[in-house]
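Q: sequence and predicted structure below; questions after.
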Amino acid sequence: MTDTLARPIGARITRKEDARFLTGAGQYTDDVTLANQSYAYFLRSPLAHARIKSIRTDKAKASPGVVAVYTGADLPATVGGLPCGWLITGTDGKPMKEPKHPLLAQGKVRHVGDQVAIVIADSLEQAKDAAEKIEVDYEELPAVVDVRDAIKKGAPAVHDEAPDNICYVWALGDKGAVDAAFAKAAHVTTLEFVNNRLIPNAIEPRACNAQHARADDSYTLYVSNQNPHVERLLMTAFVLGLPEHKVRVIAPDVGGGFGSKIYLYAEETVCVWASKLVGRPIKWTADRSEAFMSDAHGRDHVTKAELALDKDGKFLAMRVKTHAAMGAYLSTFASCIPTILYATLLAGQYTTPAIHCEVTAVFTNTAPVDAYRGAGRPEATYVVERLVSTAATEMKIAQDDIRRRNFIRTFPYQTPVALQYDIGDYDACLDGAMKMADVTGFAARKAAAAKEGKLRGLGYASYIEACGLAPSNVAGALGARAGLFEAGEVRVHPTGKVTVFTGSHSHGQGHETTFAQVVADRLGIGVDDIDVVHGDTGRIPFGMGTYGSRSLAVGGTAIVKAVDKIVAKGRKIAAHLMEVSDTDVEFKDGKFTVKGTDKSKAFAEIALTAYVPHNYPLDKLEPGLDETAFYDPTNFTYPAGTHICEVEIDSQTGETKIVSFTACDDFGNIVNPMIVEGQVHGGLTQGIGQALLEGCVYDRESGGLVTASYMDYAMPRAADVPSFKVDTRVTPCTHNPLGVKGCGEAGAIGAPAAVMSAICDAVGVKDVEMPATSERVWRAIHSKK
Amino acid sequence: MKMSVAMTVNGKPVSAEIEARTLLVEFIREKLLLTGTHVGCDTAQCGACTILVDGKAVKSCNMLAIQAHNAKITTIEGLAKANGDLHPMQEAFRQHHGLQCGFCTPGMVMSAVGLAETAKSPTEAQIRDALDGNFCRCTGYHNIVKAVKAGLENMA
């Protein structure tokens, strides 16, 4: 009978966290008010590049309500710069250049928005008023904001340590094999393009509230962050030199991250440092213009890519050369994004036997660039799928046909760019997407649109991503300075209720529901009897945090491992109570049963026995029922799928409308389809935003940030996107117990290439630059006339 | 300059002495400690601060507190019934997964409730146009549109 009961895994359960979010009871960092708190305001550089000749703060210090003013000169020598967590070694065998990233500018400012001073006052208005009284004497220096300018001979140097602005030149793949393959190719497709710089724009701006306690010389930091333990480790061990156990980092409800809140930033670090000096909590919340100037940005690649094919459209080799902007300083994971998370993905879903990729990382006078939803993988997918789509057009092969001629179909599959795919079924997703997109009806729709002067186009993207970051030993060999495991604790209370503590942070992904479903399924108890706690170093054993679509595959597996320990111990307790051997007891549907009998003990009864151990094997077993597990994955996971975009373009104006967008994805097993679909919708919209709307613009002469507000940076609004057609196919991941792969980034990875190929198909041109604004599309239409 | 202001917020009369320059959203968040109304930008674009002023959806960052003198204000905290039953629009957002991180949600829900004043059964395209003043970075709007449609039907 129990077999017919709905299992929690796979169910569309509405979210546990929604009750508080829908009633205004969420607790975001700016909602936290601490007794006697003061307010911080950061004075930022208005210039892209300048030497600081002098800073006078006396008038600001005398301003009403001011508690303190600090500049870079006030930071003690023991305070370090913000660290980079990944060491890339260049093709010359030398380590990447790592210029110091000071908490407050020391000697020079290197991008608009670089923080120069902190003003702490009784109120935010007083802090802002005082900041206006700080006199900074700048000697303006020439600036470079575009990688193409920064690598020119004689370009101004962002850092003295890197006079040519090059952080590293790195390469992956067999160059000899690639050159040989190109020499005998029947056809070569070449594309040169910019992968546009994006500003993540979580709707909750970054914020913190830092408090020092004199009683035990400890600190509590509330911060809008995706991985509080990593934040604490980097801040204490590498920057402030504080004892790690004396700092508690709480990332409460976080209003979106998309990568931009992974990193250790200067603002919260300065607030922690200053909180002891001023003896009061310090609260800081970015306003939106500060977010535009100082959050880590994403993408910003300039790439030349070539694909060699034989006469039948079989891929022989791929050659990619990319210049990737790092910005003015190396953000926490900046160096690994255009290398380890980019070049390794260039095989895509295909059997391309030889691939070579060279990446030059370049300093520019801009905000730092780091992971933004997809992080390297959208850029890789853009390279692969735009090449494949263009090659198909050039060789007059149907888009699905060229993909099928090259799909990987035997697993495990070792790519020529380091990764080993464990499983996938790329035909299934392509078939599913084509059916949902009604590809067979496209010709009729195109003809009908043409009658009204409209251009219709269809674009495909068959993407792959590497998620579930990552086997720590593999990452370590590639330069990671951290482990990439996850931790989980399952605490069973005496009444059988359960609290789960996870190192995976949730900032919209719905972990409190998904993880509860996983535990409910395994323990046979109700989802409502389980609470999931995340985002607090004071309550959670450890955690590497949320990024790279890793939470369920790595964090969820850690929880499963902890549940397994709970069940193993529960079996022993049950065996004792029922006077049988452990091996005779099985656990199913919330009951410990003696095999082949109807004799059983309910889970709650075992929990109570563990905490009231009157009849208990105390000589062999500890009381209590609380288990922790750490899980380090053995491989990446490889979500993959096909996205198909159909656009209609007004040939008079270039206005582009997405009339249909279809995604058929393989995320492995799915715990909550409702949440997965939501993740796909959101990712697609960010991908469509990159393709059609969003682009960070710095003035190439002055280095000023042109897109510094929502009036200038085009965020996707409701009317800019369609309703989506989404579905999934399932090949379970072979190396984690849940068989899950991750779904958070897929939409943002596949969408840009699908949209841009649809536009190129509609207009009949080889390429259009992102974002494909009406003007750019109009120019493309007219370039043909 | 200090001024006194009085209004009804979520059915309760409130009054205070405030700086004349105090924005309505600052008054709500910092004086009344109703932190469900959020601030996501400084140019009245994101809509996270949307509330109802005399039944109309208004961006509370774009209005001085004294302009709401004697007004009837409803924030997200005042939408559900006293017994905890969610407003039909809140319930629709829950059922249709119309929220992820929750930060834009209060403003989105209040805009949607305000929409009921002007459009009883709008089409999908009309709903999308009506949500022009509210950003969501998480959901891609797909489920928000479904939720608003269902919420409006349940409010009718």
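A: Everything's here; your move.
Q: and the residue of the stretch 501-650 of chain A that's closest to chain B?
A: In the stretch 501-650 of chain A, the residue that lies nearest chain B is A:G508 (3.3 Å; C-beta to the nearest C-beta). The C-beta positions use only the backbone N, C-alpha and C, and glycine is treated the same way.
Q: next one: chain A
A: For chain A, C-beta to the nearest C-beta, closest residue to chain B: A:G24, 1.8 Å.
Q: now whichever residue of chain B sits closest to chain A, nearest residue through space, not along the chain?
A: Proximity of chain B to chain A (C-beta to the nearest C-beta) peaks at B:G36, 1.8 Å away. Setting aside the residues directly before and after it, B:G36 is nearest to A:G24 in space (C-beta to C-beta, 6 or more residues apart in numbering or on different chains), at 1.8 Å.
Q: so the one you found makes contact with B:E77?
A: Yes: counting by C-beta atoms under 8 Å, A:G24 does reach B:E77; the two are 4.3 Å apart.
Q: now do the contacts for the residue of chain A closest to chain B.
A: B:L34, B:T35, B:G36, B:T37, B:T75, B:I76, B:E77, B:P106 (C-beta atoms under 8 Å, 6 or more residues apart in numbering or on different chains).
Q: hmm, try it at 7 Å
A: Counting by C-beta atoms under 7 Å, 6 or more residues apart in numbering or on different chains, A:G24 makes contact with B:L34, B:G36, B:T75, B:I76, B:E77, B:P106.
Q: now B:K149: which helix or strand?
A: Using DSSP states H and E, B:K149 falls within helix B:142-155.
Q: packing partners of that helix?
A: helix A:673-688, helix B:88-95, helix B:105-115, helix B:124-130 (3 or more C-beta pairs under 7 Å, 6 or more residues apart in numbering or on different chains; DSSP states H and E).
Q: same question for stretch A:438-447, mean pLDDT?
A: Stretch A:438-447 comes out with an average pLDDT of 98.
Q: show me which helix runs longest in chain A.
A: helix A:557-578 (DSSP state H).
Q: what about whatever helix or strand comes next after that one, distance to the chain center?
A: Of the helices and strands lying after helix A:557-578 in sequence (DSSP H and E), the nearest is strand A:585-588. Distance of strand A:585-588 from its chain centroid, counting by C-alpha atoms, centre = their mean, to the nearest Å, is 39 Å.
Q: need the next SSE after strand A:585-588, C-terminal direction.
A: By DSSP H and E, the next helix or strand past strand A:585-588 is strand A:591-594.
Q: just checking, what packs against the next helix or strand after that next one?
A: For strand A:591-594, the succeeding helix or strand toward the C-terminus, using DSSP H and E, is strand A:600-602. The helices and strands touching strand A:600-602, judged by 3+ C-beta pairs under 7 Å, 6+ apart, are helix A:557-578, strand A:591-594.
Q: any buried residues in the longest helix of chain A, and which?
A: A:557-563, A:566-567, A:569-578 (16 or more other C-beta atoms under 10 Å in any protein chain shown).
Q: check stretch A:306-317 too.
A: A:E306, A:L307, A:A308, A:L309, A:G313, A:K314, A:F315, A:L316, A:A317.
Q: stretch B:130-145 too?
A: B:130-131, B:133-145.
Q: before we move on, back to that, let's verify the residue of chain B closest to chain A: helix, strand, or coil?
A: In three-state terms, and counting by DSSP: H, G, I helix; E, B strand; the rest coil, B:G36 is coil.
Q: show me the contacts for it.
A: So B:G36 contacts A:G24, A:A25, B:T75, B:I76, B:E77, B:P106 (C-beta under 7 Å, 6+ apart).
Q: dump the residue contacts of the fourth one.
A: Taking C-beta under 7 Å, 6+ apart as the definition of contact, the neighbours of B:I76 are A:T23, A:G24, B:G36, B:T37, B:P106, B:V109, B:M110.
Q: can you tell me the strand partners of the helix or strand containing B:M7 and which way each runs?
A: Assigned by DSSP H and E, B:M7 belongs to strand B:2-9. Partners of strand B:2-9 in the sheet, by DSSP bridges, are strand B:12-19 (antiparallel), strand B:72-74 (parallel).
Q: in that strand, what counts as buried?
A: B:V5, B:M7, B:T8, B:V9.
Q: sheet partners, orientation included, of the one helix or strand A:A117 maps to?
A: Assessed by DSSP H and E, A:A117 sits inside strand A:115-121. Applying DSSP bridges to the sheet, strand A:115-121 is found paired with strand A:38-44 (antiparallel), strand A:66-71 (antiparallel).
Q: for the longest one, give the mean pLDDT please.
A: Just to be clear, that refers to strand A:38-44. 98.
Q: pull the residues that contact that strand.
A: Against strand A:38-44 from outside (C-beta under 7 Å, 6+ apart): A:67, A:113-124, A:127-128, A:131, A:134, A:267, A:271, A:278, A:280-284, A:293.
Q: and these, which are buried?
A: Using 16+ other C-beta under 10 Å, the buried ones in the contacts of strand A:38-44 are A:67, A:113-122, A:124, A:127, A:131, A:134, A:267, A:271, A:278, A:280-284, A:293.
Q: re the thing from before, hey, which of the strands paired with strand B:2-9 is tucked in deepest?
A: strand B:72-74 (a mean of 20; mean count of other C-beta atoms under 10 Å in any protein chain shown).
Q: chain center to that strand, what's the gap?
A: So, by C-alpha atoms, centre = their mean, the centroid of strand B:72-74 is 10 Å from its chain's centroid.
Q: what's in contact with it?
A: B:M7, B:T8, B:V9, B:N10, B:I51, B:L52, B:V53, B:D54.
Q: now the buried residues of strand B:2-9 in JSON lines, with distance to A:S218 and pLDDT?
A: Formatted as JSON lines, these follow (distance: C-beta to C-beta, whole Å; pLDDT from 0 to 100):
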{"residue": "B:V5", "distance to A:S218": "41", "pLDDT": "97"}
{"residue": "B:M7", "distance to A:S218": "42", "pLDDT": "98"}
{"residue": "B:T8", "distance to A:S218": "44", "pLDDT": "98"}
{"residue": "B:V9", "distance to A:S218": "38", "pLDDT": "98"}
